[in-house]
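A.B. asks: no sequence for this one, just the structure:
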């Protein structure tokens, strides 16, 4: 029972990571831009949703306002700041987008104050569902899973079947060529960035009822999201999905069970230290193992 | 006298102390095949890069169809009818041959706000794409992923993609590079079939291909155009023979 619950928790974390990693991998794969500020869009989405939900007294309306609003914030950031960075090297991009993190954290603290906010899940999702007899599981977390899988399906359709998706895939494979064919890359970039910002906001809104909405929440999830991108292969949506599920379950199961497993072998005192340390390293060990096996990630989009 | 399709005046581009292009003047008439030849490092690829819009010249102008396009970005040039093929084969390896060409058609299919349309079912994209594949002799390979095409076929595909953008001028950077004799001859035939219809700026090392295709030839040495003229004139030009063509003929025997 505990195992099933933890697996579901892992999948749910994986789905959240996927929403972030999908935007991150597209931006990195197509625009060759390392965007540390992606987590800030996740945070901005959560804050806008918290305010809008309070104001309208409805979680769903908060969500519906936060998505386009964050997409607009993302588009503004792309046009004002990131366009200057595409031709720079990755170190410049890291420095500049780190600056954006500081800017957004400060801006959020100025607008919303230093206290953490909470978003109430809609009342019809606040209960628990019995997934197996005697094993209740929060309905909201199940809803996150469903939404995440639906978004994965939508992105798959978008990327694999539509004209826009063809351009995105072509752009990830050979940027210069796409431009030479007459595609306005700037507009494509802005569009893709807005899409990524919207996905990050979706993750942020869904994180609201589970974690606290506070300045700096983006950085905590940004690092595992980058691990997902590296494991999945840069530029690949499919890789982001598989990588996110792997990272989400490895992290959750590691934290839940590794201390116990080591406790059985080494005795509780030594084990709690080793187990906890290993658990927090689990996703990096996973990443190292995947990279040894496939140096360009599971589904590399280039070449 | 009608004005030329492409008019390059005083084009200059330096890399540090090296003048890769040094005041280049060059005209291409409508429908003309104009070859640029010269030894390695003469500045031919730098010239093409500036016409294509990938390199920004230090000074000088590029005029296309009566417009100054010196500062126009690459996609806008493509929309005006300026296509290019790359020195290194550039196709999208995971797409089928047909999808590669359809992408090129799509880029020129108006406003582009049919973003959500199903790309595979759209006959408005498929039919012109297939016609371009037929033109280069690849219609039978339409469904094959581009990465599994042979090298020669990939270059043909690249040409089909250039054609799909409805160009008035195609920039060809060594279209027969890395090809065997047979593939090379097929490419020359294909290009000869387009002669008169589409103007071409051809950079090529294979002199058989150059003399088979070109209406006029410009010779570049050290960043400068030292001669321009019909193939026979260029062949007979003493300066050219000394600087380039005659290298082996000039060797004492």
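C.D. replies: Happy to help now that I have it. Note that the structure is a prediction, hence the values are computed from the model and not measured.
A.B. asks: Quick check: the nearest residue to residue A:36 once chain neighbours are set aside vs residue B:199, distance?
C.D. replies: Leaving aside its sequence neighbours, residue A:36 sits nearest to residue A:97 (C-beta to C-beta, 6 or more residues apart in numbering or on different chains; 4.1 Å). To be clear about C-beta, it is placed using only N, CA and C from the backbone, and glycine gets the same treatment. As judged by C-beta to C-beta, to the nearest Å, residue A:97 and residue B:199 stand 44 Å apart.
A.B. asks: More neighbours: which of those two?
C.D. replies: Neighbour count, other C-beta atoms under 10 Å in any protein chain shown: between residue A:97 and residue B:199, residue B:199 has more, with 25 against 21.
A.B. asks: buried stuff in the helix or strand where residue A:54 lies?
C.D. replies: Assessed by DSSP states H and E, residue A:54 sits inside helix A:38-56. By 16 or more other C-beta atoms under 10 Å in any protein chain shown, the buried positions in helix A:38-56 come out as A:38-53.
A.B. asks: between those residues, which is nearest chain B?
C.D. replies: Relative to chain B, the closest of these is residue A:41; by C-beta to the nearest C-beta it sits at 22.0 Å.
A.B. asks: near chain B, which residues of the stretch 151-300 of chain A show up?
C.D. replies: Neighbours of chain B within the stretch 151-300 of chain A, by C-beta under 8 Å from any C-beta of the partner chain: A:161-167, A:169-170, A:173-174, A:176-185.
A.B. asks: at 10 Å what do you get?
C.D. replies: Residues of the stretch 151-300 of chain A lying near chain B by C-beta under 10 Å from any C-beta of the partner chain: A:157-158, A:160-167, A:169-174, A:176-188, A:191.
A.B. asks: ranges for the strands of the stretch 151-253 of chain B?
C.D. replies: Ranges of strands in the stretch 151-253 of chain B, per DSSP state E, counting those that start in this stretch, are B:169-173, B:199-203, B:216-221, B:224-229.
A.B. asks: Run through who's touching the last one.
C.D. replies: Applying C-beta atoms under 10 Å, 6 or more residues apart in numbering or on different chains, the external contacts of strand B:224-229 come out as B:8, B:11, B:19, B:21-27, B:34, B:36-38, B:42-43, B:47, B:216-221, B:233-240, B:242-244.
A.B. asks: Just the buried ones from these?
C.D. replies: Buried subset of the contacts of strand B:224-229 (neighbour count, 16+ other C-beta under 10 Å): B:8, B:11, B:19, B:21-22, B:24, B:26-27, B:34, B:36-38, B:42-43, B:47, B:216-221, B:234, B:237, B:240, B:243-244.
A.B. asks: In helices, which of those residues fall?
C.D. replies: If you go by DSSP state H, these have B:47, B:234, B:240, B:243 in helices.
A.B. asks: Give me the spatial nearest neighbour of the closest residue to chain A within chain B, chain neighbours excluded.
C.D. replies: Among the residues of chain B, residue B:78 lies closest to chain A, at 3.2 Å counting by C-beta to the nearest C-beta. In space, and not counting its chain neighbours, residue B:78 is closest to residue A:182: 3.2 Å by C-beta to C-beta, 6+ apart.
A.B. asks: what's the neighbour count on the one you found?
C.D. replies: Per other C-beta under 10 Å, the neighbour tally for residue A:182 reads 26.
A.B. asks: if I read this right, it contacts residue B:106, doesn't it?
C.D. replies: Yes. Using C-beta atoms under 10 Å, residue A:182 makes contact with residue B:106 at a distance of 9.4 Å.
A.B. asks: which stretches of the stretch 151-253 of chain B have low pLDDT?
C.D. replies: Scanning the stretch 151-253 of chain B for pLDDT under 70 picks out the ranges B:244-253.
A.B. asks: Now stretch A:253-268: average pLDDT?
C.D. replies: Averaged across stretch A:253-268, the pLDDT comes to 81.
A.B. asks: what residues does it touch?
C.D. replies: A:2-3, A:5-7, A:9-10, A:269-283, A:285-286.
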